[in-house]
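A.B. asks: Following is a predicted model, sequence given first.
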Amino acid sequence: MTPAGVPTLRFSLRHQSTQMEAGHPRTVECALRVVAVGPVAEQVRGLAADSELVVTGFLARASHRNEWPVLHATAVTVI
């Protein structure tokens, strides 16, 4: 919860897919840190760790001192 009482949740999102690069398939894997706030945090809180999701949002730096990106989830759809 934020000091104002808004629910927040931090979690990791793992991505894996096959993408075409220079005409050849390439397996892509990565992990992102995600922040969910408000109703999105409440929605994600009850999901199983292995849930498959579509997450929509925006990237922002983690903090004033840390420039690495964090995905701020604005919508989550369970597949």
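C.D. replies: Structure's in. What do you need?

A.B. asks: Could you use CA atoms for every contact and neighbour count after this?
C.D. replies: Noted.

A.B. asks: So which residues of the chain form strands?
C.D. replies: 8-21, 24-37, 53-61, 69-78 (DSSP state E).

A.B. asks: so which of these gets nearest R45?
C.D. replies: strand 8-21 (7.2 Å; C-alpha to C-alpha).

A.B. asks: Give me whichever of the strands of the chain is most buried.
C.D. replies: strand 69-78 (a mean of 17; mean count of other C-alpha atoms under 10 Å).

A.B. asks: CA atoms only: put that one into PDB for me.
C.D. replies: Extracted as PDB, the C-alpha positions of strand 69-78 are listed here (Å, rounded to 0.1, in the frame of the first residue of the first chain):
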ATOM      1  CA  PRO A  69      13.400   0.300 -16.800                       C
ATOM      2  CA  VAL A  70      10.400  -1.000 -14.900                       C
ATOM      3  CA  LEU A  71       7.100  -1.900 -16.700                       C
ATOM      4  CA  HIS A  72       4.200   0.000 -15.100                       C
ATOM      5  CA  ALA A  73       1.100  -2.200 -15.800                       C
ATOM      6  CA  THR A  74      -2.000  -0.300 -16.700                       C
ATOM      7  CA  ALA A  75      -4.000  -3.400 -17.800                       C
ATOM      8  CA  VAL A  76      -3.600  -7.200 -17.400                       C
ATOM      9  CA  THR A  77      -5.500  -9.800 -19.300                       C
ATOM     10  CA  VAL A  78      -5.200 -13.500 -18.300                       C
END
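
A.B. asks: Mind checking the pLDDT average for that strand?
C.D. replies: The average pLDDT for strand 69-78 rounds to 96.

A.B. asks: Now do that strand: everything it contacts.
C.D. replies: For strand 69-78, the external contacting residues (C-alpha atoms under 8 Å, 6 or more residues apart in numbering) are 32-37, 40, 43-44, 51-62.

A.B. asks: Can you list the strands that it pairs with?
C.D. replies: Strand pairing for strand 69-78, using DSSP bridges, gives strand 24-37 (parallel), strand 53-61 (antiparallel).

A.B. asks: That strand vs strand 8-21, what angle?
C.D. replies: 90 degrees (axes from the mean of the first three to the mean of the last three C-alpha atoms, to 10 degrees).
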